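In: with the input below, show me the fold.
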Amino acid sequence: MGVGGKVLVSARKKRWWLNRTALMVLWVFVSGLIWVGLHLYSRRDSMRKAEENLVSMCNDRARMLQDQFAVSVNHFQALAILISTFHYEKHPSVLDQDTFAYYTAKTALERPLLNGVAYAQRVLQSEREAFERRQGWTIKSFEGTTSPEKEEYAAVIYSQETVSYIEALDMMSGEEDHENILKARATGKAVLTNPFRLLGSNHLGVVLTFAVYRSGLPKDATLEQRIEATLGYLGGAFDVESLVENLLRQLAGNQDIVVNVYDVTNATEPLIMYGPQSTNSYQSPSHISVLDFGDPFRKHEMKCRYRQKVPIPLSAITTPSGVFVICMLAGYILFAAWSRYDSVKEDWRKSEELKLRAEAADLAKSQFLATVSHEIRTPMNGVLGMLDMLLDTDLNLIQRDCAQTARVCGKALISLMNEVLDREKIESGKLELEAVPFDLRFLLDDVLSLFSSKSREKGIELAVFVSDNVPQVVIGDPGRFRQIITNLVGNSVKFTKRGHIFVQVHLAGSSYQCIRLSEEVESLAKNIQDKMLVDTFNYTPNTLSGLEAADNTNNWENFRLLLNEPCSGLHASEHACKWTSNKVTLVVIVEDTGIGIPVHAQDRVFTPFMQVDSSASRMYGGTGIGLSISKYLVELMCGQISFVSRPHVGSTFTFTAMFQQDENIKFGDLHSALVECLPDDLRGMNAFLIDGRPVRSSVTRYHLKRLGIHADVATNIIMALHSISGQNGLQRTRKQLQVLLVERDAWDLETYATLLDQLQELKQKGLISETPKTILLSTSELNRAELNLYFDMVITKPLRASTLAACLQNILGLKDTRGLSGKEKENGSASALNRLLDGKKILVVDDNKVNLMVAAGSLKKYGANVVCVERGRDALALLRLPHDFDACFMDIQMPEMDGFEATRQIRLMENNEKFRSLGLTTLEHSGWSRWRLPVLAMTADVIQATYEECIKWGMDGYISKPFDEEQLYQAISRSLVSNSNASPGL
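Out: You can find the predicted model right below:
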């Protein structure tokens with residue numbers, strides 16, 4: 001390259017560097033201009049926002065000042081109405097100086113900004129002499145001398161003790177007061193004076209004047225009518241400075257702004273009412289808000305300004321600087337884009353790997369829970385089984401108490417494990433519902449009986465009520481429905497120390513919806529609320545226990561409508577449709593008067609493993625998953641659950657659940673474990689109930705009605721005495737009373753003795769054949785030895801239909817038509833198991849010797865002949881046809897051959913024997929129940945060993961370890977009874 005070429009290249013490089021430098025300088029210069037522009041814009045925007053904020057704060061303060069002033073004026077007007085009512089409309093007047101002074105002193109807290117209140121009566125010249133003679137003093141002027149004669153006076157007759165020195169003064173003797181009185185009388189509004197220094201506090205204030213009129217003055221009265229109707233004038237000194245000071249003290253940002261309040265009636269010479277006289281603070285920006293104190297003749301305003309100069313916002317520097325940096329880094333961002341793409345790609349690969357690990361961990365967790373469940377349930381089955389066998393022996397009181405305590409602790413551990421496993425089933429989607437018919441009322445009675453000892457210990461009302469239109473038998477999952485009720489009632493019992501726990505069941509779409517839509521009930525509820533506001537201390541909520549409940553819709557007025565089915569708001573065809581449909585939706589309400597749920601914790605009530613606070617689990621126990629499981633079960637039943645809770649009042653949980661119903665189902669078709677047979681020999685009897693609480697008496701009548709007993713109700717013993725004897729114009733009860741039931745809180749010895757004497761007198765007169773048996777109803781254990789002197793029996797709640805029937809049969813000398821002994825009445829499942837298992841030969845297969853002992857001991861206790869083996873192959877040897885076993889209990893997890901495989905081999909042997917005996921070569925035959933041995937799985941793995949899994953392998957059901965009498969009875973009754981019913985058809 002020649003010299004010319006080198007010079008040309010050098011010139012180009014130099015020009016390129018110059019261009020690059022120029023572009024860099026230009027880019028920096030443009031970026032600097034952008035920085036300056038953004039900075040100026042940010043400062044201007046900050047100033048605009050500061051002005052808007054000042055306007056907002058000033059307007060808020062002005063509005064709140066007006067509101068607080070209006071509240072004081074309202075109390076002032078209420079005092080004027082009191083004077084008009086009790087001084088002028090009562091003859092003679094019931095108001096005097098002492099009463100006025102006492103009342104105003106007691107209500108001074110309602111007028112904290114009024115230094116004193118006084119009332120001046122309007123006195124005409126023609127009335128002056130009689131007025132002064134009646135008052136005992138002469139009307140004086142502000143100078144202290146006798147007021148000169150004039151057309152009318154405003155003499156102070158009542159005054160608060162703080163301004164008692166103005167008594168007998170003529171308020172119209174002062175020029176400004178005279179003018180204000182005339183303005184107040186002409187307008188009917190409160191009129192203010194110029195601001196002045198108040199005595200004592202030395203604060204700036206005004207005098208508030210309000211005219212008191214005669215009642216009946218129309219709103220659009222003319223000036224002449226107002227003057228004619230004027231009775232006097234109510235006045236008070238208003239501390240404006242304290243009002244504004246208290247307001248500003250409550251508001252945020254009080255230190256940022258300066259507030260002045262002016263009286264600008266005279267715009268040229270505004271009078272300051274609050275704020276510094278002069279200030280050197282920063283004057284701009286400022287804002288003026290107009291104040292309306294209700295005086296049409298005076299004008300006031302509030303002026304607000306910042307105490308200091310508005311600072312330059314940090315964003316005015318950081319935002320432009322950030323934009324400048326962003327421009328400088330634009331090239332770097334483009335370069336980093338591809339690197340970011342590679343990074344995202346690598347992150348996606350890692351997330352897929354973590355997903356596979358999470359799925360494997362979830363599977364491992366399920367397997368771990370299944371293993372832990374099996375390994376804990378297996379020894380717990382032995383522990384609880386041995387404790388049950390120990391309790392069946394002769395023990396002293398201390399030994400029995402220790403054994404029962406250990407059994408309760410074991411049950412608590414199993415219950416906790418069941419909740420955790422239910423949660424696991426929910427997360428894995430394996431939780432399914434059964435569909436079997438069951439007696440809803442019997443199930444609810446059974447659940448409440450679980451908490452009877454705790455309710456009696458605490459002395460709380462525990463009751464259940466089921467509406468008449470709810471079907472007797474529904475088809476669903478009784479175990480899961482029981483679990484929901486048990487969780488809700490258990491929580492209520494746990495957190496309730498006094499009052500009641502009330503479970504209600506109603507049919508959705510009947511009166512329950514009519515209550516929500518009934519205008520009559522809404523009006524009644526409003527009246528009750530108004531009464532509570534007027535007389536809070538004397539009002540007693542009309543609930544089960546008399547304590548207020550969280551949900552006010554569950555009051556007596558609404559509950560009374562539920563007692564009068566069918567609802568009048570439904571047409572007959574609609575009501576009939578509710579009964580003929582094969583689907584029924586029930587509404588279940590669980591109401592308590594416990595400690596309630598704090599507001600801050602109500603949004604996480606149904607969150608798993610969540611407690612209200614850390615101390616709740618330590619004080620009351622629990623894991624916090626019961627409600628989450630209940631919510632999921634309710635949703636499985638096509639329902640919803642909600643609650644209303646008020647701290648220190650209680651909680652009301654409401655949920656709906658859908659069931660099937662079949663009108664063709666009869667009690668004889670159901671297993672006795674799912675229904676309750678009540679005696680018939682009590683039907684047609686008459687009872688009389690003395691109870692002062694309507695809701696509680698309705699619950700008692702509900703249980704009596706289930707037994708076929710008609711009951712009349714009286715709120716107290718005196719009313720019962722009048723009703724029975726026909727006194728005070730009441731028609732005497734002509735029915736022969738068999739039973740008289742008295743609530744504990746409605747009983748007193750004196751009137752009760754009179755009632756017994758009256759009954760004895762009626763018997764002597766021949767009006768009744770026998771005096772009724774007397775029963776005392778109580779929520780807690782009482783001194784029965786003392787009460788037995790007055791009553792034939794004392795029944796401790798909660799009430800249960802079967803228990804009530806047994807008590808009535810006992811005192812009436814009737815025999816139990818069900819043929820059960822006393823021990824069988826206490827344990828119906830045990831007696832039923834005796835009838836099912838007595839003489840039956842049962843094979844038990846389990847590789848654990850302790851479990852064999854427990855299972856054998858449990859079955860032998862009910863009369864069964866038990867044969868035990870430890871391996872599946874040994875069971876196959878014993879079950880080769882023909883055999884004489886009636887049932888087989890098979891453990892699932894066993895070495896060499898598990899329970900599933902052993903059951904499959906048993907079914908295979910039965911099929912081969914069946915086809916050989918019938919001479920068949922195909923498997924198409926349906927009548928083979930004679931060869932089918934009922935096989936029940938005994939398993940501690942309640943996650944994988946589901947009912948469907950057992951059925952798939954040929955089993956007839958399963959029993960989870962540890963099992964109790966009720967679970968054992970349900971499983972045996974399903975298999976043995978169904979198998980015996982199918983055999984004759986072969």
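
In: from now on I want contacts and neighbour counts done on CA atoms only, so please keep to that.
Out: Noted.

In: low-confidence ranges in the stretch 251-400 of the chain?
Out: 252-255, 278-284, 331-332, 334-336, 338-339, 370, 374 (pLDDT under 70).

In: quick one, helices of it?
Out: 315-328, 330-391, 397-428 (DSSP state H, counting those that start in this stretch).

In: could you point out which residue ranges in the stretch 1-150 of the chain have low pLDDT?
Out: Scanning the stretch 1-150 of the chain for pLDDT under 70 picks out the ranges 1-21, 23.

In: what residues sit buried inside stretch 482-490?
Out: For stretch 482-490, the neighbour count (16 or more other CA atoms under 10 Å) marks 483, 484, 485, 486, 487, 488, 489, 490 as buried.

In: also stretch 385-393?
Out: By neighbour count on 16+ other CA under 10 Å, the buried set for stretch 385-393 is 385, 386, 387, 388, 391.

In: among the residues you listed, give me the pair with the biggest separation.
Out: 385 and 391 (9.9 Å; CA to CA).

In: and the helices of the stretch 251-400 of the chain as CSV, adding distance to residue 72?
Out: Putting these into CSV (distance: least, CA to CA, whole Å) gives the following:
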stretch, distance to residue 72
helix 315-328, 45
helix 330-391, 64
helix 397-428, 59
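
In: where's the closest residue to residue 683 other than its chain neighbours, which helix or strand?
Out: Once flanking residues are discounted, residue 683 sits nearest to residue 708: 4.1 Å by CA to CA, 6 or more residues apart in numbering. Assigned by DSSP states H and E, residue 708 belongs to neither a helix nor a strand.

In: OK, contacts around residue 708?
Out: When the contact criterion is CA atoms under 8 Å, 6 or more residues apart in numbering, the partners of residue 708 are 680, 682, 683, 684, 685.

In: burial count for the last one?
Out: Taking other CA atoms under 10 Å as the neighbour definition, residue 685 ends up with a count of 17.

In: that one reaches residue 709, doesn't it?
Out: Yes. Counting by CA atoms under 8 Å, residue 709 is a contact partner of residue 685 at 5.0 Å.

In: overlap in contacts, the two.
Out: Counting by CA under 8 Å, 6+ apart, residue 685 and residue 709 have no common neighbour.

In: show me what secondary structure element comes after the host helix or strand of residue 81.
Out: If you go by DSSP H and E, residue 81 is part of helix 3-83. The helix or strand immediately downstream of helix 3-83 is helix 97-106, counting by DSSP H and E.

In: could you say what helices and strands the host helix or strand of residue 248 packs with?
Out: Using DSSP H and E, residue 248 falls within helix 240-250. Counting contacts by 3 or more CA pairs under 8 Å, 6 or more residues apart in numbering; DSSP states H and E, helix 240-250 packs against helix 3-83, strand 204-213, strand 271-274.

In: next, the angle from the second one to helix 240-250.
Out: Looking back up the chat, that one is strand 204-213. Going by axes from the mean of the first three to the mean of the last three CA atoms, to 10 degrees, strand 204-213 is angled at 110 degrees with respect to helix 240-250.

In: and the helix or strand following strand 204-213, what's buried?
Out: Going down the chain from strand 204-213, the next helix or strand is helix 223-229, by DSSP H and E. Of all the residues in helix 223-229, those buried under the rule 16+ other CA under 10 Å are 226, 229.

In: name the residues that touch helix 223-229?
Out: Taking CA under 8 Å, 6+ apart as the rule, helix 223-229 contacts 185, 186, 187, 188, 213, 214, 217.

In: out of the residues you listed, who's the most crowded?
Out: The member of the contacts of helix 223-229 surrounded by the most neighbours (other CA under 10 Å) is residue 185, with 25 neighbours in all.

In: residue 296 is nearest to which of the helices of the stretch 251-400 of the chain?
Out: With CA to CA, the closest approach to residue 296 among these belongs to helix 315-328: 47.3 Å.

In: give me the contact list for the closest one.
Out: 31, 32, 34, 35, 36, 38, 39, 40, 41, 42, 43.

In: out of the helices of the stretch 251-400 of the chain, which is closest to residue 873?
Out: The nearest among the helices of the stretch 251-400 of the chain, by CA to CA, is helix 330-391 at 21.5 Å.

In: between that closest one and helix 315-328, how big is the angle?
Out: 110 degrees.

In: helices or strands up against helix 330-391?
Out: Helix 330-391 packs on helix 397-428, helix 849-860, going by 3+ CA pairs under 8 Å, 6+ apart.

In: okay, now residue 193: neighbour count?
Out: When neighbours are counted by other CA under 10 Å, residue 193 comes out with 20.

In: what does residue 324 give?
Out: 17.

In: span of stretch 216-232 from start to end?
Out: 16 Å (CA to CA, to the nearest Å).

In: how far off centre is that stretch?
Out: On the basis of CA atoms, centre = their mean, to the nearest Å, stretch 216-232 sits 53 Å off its chain's mean C-alpha point.

In: that older thread, who wins on neighbours among the contacts of residue 708?
Out: Result: residue 682 is most packed of the contacts of residue 708 (other CA under 10 Å), 19 neighbours.

In: could you verify that it is part of a helix?
Out: No. Residue state for residue 682 (DSSP: H, G, I helix; E, B strand; the rest coil) corresponds to coil; a helix is not indicated.

In: right, and it touches residue 710 too?
Out: No. In this structure residue 682 lies outside contact range of residue 710 using CA under 8 Å: 10.1 Å.

In: OK, contacts around the closest residue to residue 406 other than its chain neighbours?
Out: Distance criterion CA to CA, 6+ apart; nearest residue to residue 406, sequence neighbours excluded, is residue 387 at 7.9 Å. Neighbouring residues of residue 387 by CA under 8 Å, 6+ apart: 403, 404, 406, 407.
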